[in-house]
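Engineer: For reference, the sequence and a predicted model appear below.
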Amino acid sequence: MTKNVLFYARYSTDRQHEVSIETQIELGEAFVKQKGWKLVATYSDAAVSGTSYQLRPGIQSLMAHVKRERIDVVLCVTVDRLSRDIEHSAKILKELRYRDADIWTVHAGTPVTDLEMALRAALSHELVEQIRYRTREGMKTAVKKGKASTCLAYGYKLSQQRDANGDRIRGLRDIEPVKAEVVRRIYQLYADGMSPRDIAHLLNNEGVPGPRGRKWRDTAIRGHVRRGSGILNNESYIGRIVWNRRQYRKNPETERRTARANDATEWVFKDVPEMRIVSDELWQRVKERQRQVGELFDFGQSNRLNATHRPEYLLSGMLECAECGGPYAISGKDRYSCTNRKKRLPIDDLGGACCGNSKTITRHELEERVLNCIPAAFYSLDIFDRISQKMVAHEVSKLESAPSRKNQLTAELATIKSQQASLMQQIRDRHAEGRPRLAILDDHLDELEVNRERLVMELSAAEEPAAEGFQEKIARLKAQFN
């Protein structure tokens, strides 16, 4: 009997080539022809790890195809092409079994049994862990020998030193004189009082290419002090390699890597004085100014708004700006706006210009537009119930916390006014003493004014009558799309 077949191909990293996909497809087509079956469609994922599922559109499209059409066989060259994760392998097999579809491999030429799938998934998972362990140990050994273990930092280039066989010695770097001078200039400008944002604007206006040939951004210069990221915190510039500051783990929900700080006792250090770009004196001046700026922004207390996790809404992480392609996120009182424009970040696709999209929209209006335009066939009571459960709980929480929120806004507004007065006094004192004006004070004063205006708007909005309840909105949509 002729069987309907879906073929799946995958290769893991961008160090491989699309020919790998073509080779797998050729093997699959030859196998299907030999069996006298019918190849319905071919799906593939390129440069994606087999340990993920959500990040592989090819395998998801294949599973969707199985659900909408009668498929007898899902074919791949080997089982590890489908998945290298135990949980995902079991999920795929269970779903295919429910749809009366078998998994075949070209390599074995037979259907894959439950036991074989479980064993091969476990072996693949163990192989991935062994590769990860060997890779980290190899990186540690390279660092101890003074070699680079990660991508090149700005200011360096790959060394062309060769071994006895004429092969380039991996991990060795050389200083790139032109970029090294830019690094020293950044350190000098910052130590003299210029903010990272102004430094980025200056370099972009002068046409100085940034890291990887892109435009300069203040975040690339500022980085994060404790994480050692950014131009101003990279100890490579003082001739020291620091490795293993952080470890990365995959979030099982999003399948994306998240960074976690390692204990300082686990860090690996190696002095490489030949790689020094910045003097100790200039480095210390930068560290001292970072300390002063940190104290200036702290004011003895942390911002409670920033200390809490922002709520996740119905469309969180799904919106992007039509002009620059950047994220559209909540800004102010339940309004979506372009994040790039708000931060005034240069966009490479716009020729280094900042995004000019000033359009904003309320969260409630946007959510209603999206819900109204989705085809009626998409809706089910289960979807409505899950949406309403989350959103009603959020709306009820807002109503219950309205009085305390109003008091919190009032207190935060008073704190900002006090900080503004303190900054103005510092500026007046410096002027009276004949000391130069610091750009960082002006920047922080501007930031405080933006926050003050936002709080005033939120405080006035707290007095407005509540909009249509989300329960009523869900009920109306249920009736409309039933």
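Structural biologist: Happy to help now that I have it.
Engineer: how close does Asn4 sit to Arg70?
Structural biologist: To Arg70, Asn4 is 6 Å away according to C-beta to C-beta, to the nearest Å. To be clear about C-beta, it is placed using only N, CA and C from the backbone, and glycine gets the same treatment.
Engineer: Show me which of those two is the more surrounded one.
Structural biologist: Higher neighbour count among Asn4 and Arg70: Asn4, with 15 against 10, using other C-beta atoms under 10 Å.
Engineer: Could you verify my assumption that the more buried one touches Ile71?
Structural biologist: Yes - judged on C-beta atoms under 8 Å, Asn4 makes contact with Ile71 at a distance of 5.3 Å.
Engineer: shared neighbours, the two?
Structural biologist: Common contact partners of Asn4 and Ile71 (C-beta atoms under 8 Å, 6 or more residues apart in numbering): Val40.
Engineer: so where's the stretch 1-150 of the chain shaky on pLDDT?
Structural biologist: 13-19 (pLDDT under 70).
Engineer: let's see 80
Structural biologist: 1, 13-19, 149-150 (pLDDT under 80).
Engineer: which stretches of it form helices?
Structural biologist: Secondary structure of the stretch 1-150 of the chain by DSSP state H, counting those that start in this stretch: the helices cover 19-35, 57-68, 79-82, 86-98, 114-144.
Engineer: Report the rounded mean pLDDT for stretch 347-354.
Structural biologist: Averaging pLDDT along stretch 347-354 yields 76.
Engineer: for stretch 159-168, same thing?
Structural biologist: What stretch 159-168 shows for mean pLDDT is 85.
Engineer: how far does it sit from the chain's center?
Structural biologist: How far stretch 159-168 lies from its chain's middle: 36 Å, per C-alpha atoms, centre = their mean, to the nearest Å.
Engineer: for the helices of the stretch 1-150 of the chain, which one sits closest to Val272?
Structural biologist: helix 114-144 (9.7 Å; C-beta to C-beta).
Engineer: Which elements pack onto the closest one?
Structural biologist: When contacts are defined as 3 or more C-beta pairs under 8 Å, 6 or more residues apart in numbering; DSSP states H and E, helix 114-144 sits against helix 79-82, helix 86-98, strand 240-243, strand 268-271.
Engineer: Which SSE is immediately downstream of that helix?
Structural biologist: Using DSSP states H and E, the helix or strand that follows helix 114-144 in sequence is strand 156-158.
Engineer: List the strands paired with that following strand, with their directions.
Structural biologist: strand 173-175 (antiparallel) (DSSP bridges).
Engineer: Counting by contacts, list what the next helix or strand after the partner strand packs against.
Structural biologist: Going down the chain from strand 173-175, the next helix or strand is helix 177-191, by DSSP H and E. In this structure, helix 177-191 packs against helix 196-205, helix 280-298, with contacts taken as 3+ C-beta pairs under 8 Å, 6+ apart.
Engineer: okay if I get those as TSV plus distance to Pro111?
Structural biologist: Shown next, in TSV, are the helices and strands packed on helix 177-191 (distance: least, C-beta to C-beta, whole Å):
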stretch	distance to Pro111
helix 196-205	59
helix 280-298	62
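Engineer: any idea which of these is most buried?
Structural biologist: Burial of those is given as mean neighbour count (mean count of other C-beta atoms under 10 Å); helix 196-205 ranks first at a mean of 19.
Engineer: Run the angle between that helix and helix 280-298 for me.
Structural biologist: Relative orientation of helix 196-205 versus helix 280-298 (axes from the mean of the first three to the mean of the last three C-alpha atoms, to 10 degrees): 120 degrees.
Engineer: tell me the average confidence for helix 196-205?
Structural biologist: Computed over helix 196-205, the mean pLDDT rounds to 90.
Engineer: So which bits of the next helix or strand after it are buried?
Structural biologist: Where DSSP H and E defines the elements, the next helix or strand beyond helix 196-205 is helix 218-222. Buried residues in helix 218-222, counted by 16 or more other C-beta atoms under 10 Å: Asp218, Ala220, Ile221, Arg222.
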